[in-house]
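[1] coordinates only, sequence not included:
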């Protein structure tokens, strides 16, 4: 359900190759079956597809395994690595405003994780989710993207941000000290979700590089770049990706239009021109996820309905019968 045809420059793969080579892996082994050539790596204007970078990650994981290499790679992603996205992030007035810009234009980064924020009481939970990826790549991607996020915040404030918890889904590795070096704490393992927990007061800390005029200019440039990418890869693909990332957040068409940086009317017109609609795409995503959750998990139907963004289980049952002609329980049996 992810749009692996999105384009990106080669900065990220160059970073990963350099670290992998320092660990004893050859450059050719990194590039094997990716379709990325030496000439492309030497061309500052070259663009690759997201799936090509993901294949390179697979090559590194296959060759080097769980060696904490991602924790060495992540901190090498700087604000400047992300171009206008990084500058828009840094020019925001507060961490809250920066986070809103960062998540709004997340598809302009090199992240493969689904990243989202929840505020509950006095705490903020920043989730870095890799469940949509092949299992053997999940830890690498979450460690890389998570440590890159930490490094960005260090560059913004010139010091570590105090966090309350650092949670990871996988078992504790042998070299836990590496987590303490990168994240500022050893972390808790075998947890239900990958997330950072910190006090919500931090969200309103003024940023030292804030500049509202620059920020607005850069946001406009981010919008233009996103529009260019949408026109090349198709709006429907981007809508599907937003739905997948936010399905359990009761996302609606208005919210997706905001994420796409267009008006509701424009989004409706764009989807119509591609022969589809928001409701059709929502149905496709929900049906796909419903089948996967029913067949591969032990979640109750109530839990599945919530994950699919339904207000109550009855609506889920009605929709499933429309899709498959039977109830979810019958399908599972």
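    That came through fine. This is a predicted model, so every value here is computed, not measured.
[2] What about residue 288, how many residues nearby?
    14 (other Cβ atoms under 10 Å). Placement of C-beta: from N, CA and C, glycine included.
[3] What values do phi and psi take at it?
    Note on residue 288: backbone dihedrals following degrees, to the nearest 10 are phi -60, psi -50.
[4] Over to residue 8?
    Residue 8 adopts backbone torsions of phi -160, psi 160, taken as degrees, to the nearest 10.
[5] residues near it, how many?
    Number of residues near residue 8 (other Cβ under 10 Å) recorded here: 18.
[6] Local confidence estimate at the closest residue in space to residue 43 that isn't next to it in sequence?
    In space, and not counting its chain neighbours, residue 43 is closest to residue 10: 7.7 Å by Cβ to Cβ, 6 or more residues apart in numbering. For residue 10, the pLDDT comes out at 94.
[7] Ok, residue 230 next?
    At residue 230, the model reports a pLDDT of 65.
[8] so who does the residue nearest to residue 43 touch?
    Residues in contact with residue 10, defined by Cβ atoms under 8 Å, 6 or more residues apart in numbering, are 36, 40, 41, 43, 46, 47, 48.
[9] need those in JSON lines with distance to residue 218 and secondary structure, can you?
    Below are the contacts of residue 10 laid out as JSON lines (distance: Cβ to Cβ, whole Å; DSSP: H, G, I helix; E, B strand; the rest coil):
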{"residue": "36", "distance to residue 218": "29", "secondary structure": "coil"}
{"residue": "40", "distance to residue 218": "27", "secondary structure": "helix"}
{"residue": "41", "distance to residue 218": "27", "secondary structure": "helix"}
{"residue": "43", "distance to residue 218": "25", "secondary structure": "coil"}
{"residue": "46", "distance to residue 218": "23", "secondary structure": "coil"}
{"residue": "47", "distance to residue 218": "21", "secondary structure": "strand"}
{"residue": "48", "distance to residue 218": "24", "secondary structure": "strand"}
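[10] Redo the residues you listed as JSON lines? Include distance to residue 238.
    What follows is the contacts of residue 10, written out as JSON lines (distance: Cβ to Cβ, whole Å):
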{"residue": "36", "distance to residue 238": "24"}
{"residue": "40", "distance to residue 238": "25"}
{"residue": "41", "distance to residue 238": "27"}
{"residue": "43", "distance to residue 238": "26"}
{"residue": "46", "distance to residue 238": "23"}
{"residue": "47", "distance to residue 238": "17"}
{"residue": "48", "distance to residue 238": "18"}
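[11] Taking those together, which two end up most distant?
    Farthest-apart pair in the contacts of residue 10 is 41 and 47; separation 12.1 Å (Cβ to Cβ).
[12] which of the two has more neighbours?
    When residue 41 and residue 47 are compared for neighbours, residue 41 comes out ahead with 16 against 12, by other Cβ under 10 Å.
[13] just checking, the more buried one touches residue 11?
    No. In this structure, residue 41 is not within contact of residue 11 by Cβ atoms under 8 Å, at 10.2 Å.
[14] Give me the common contacts of these two.
    Contact criterion Cβ under 8 Å, 6+ apart; residues shared by residue 41 and residue 11: none found.
[15] Now do the contacts for residue 40.
    10, 46, 48.
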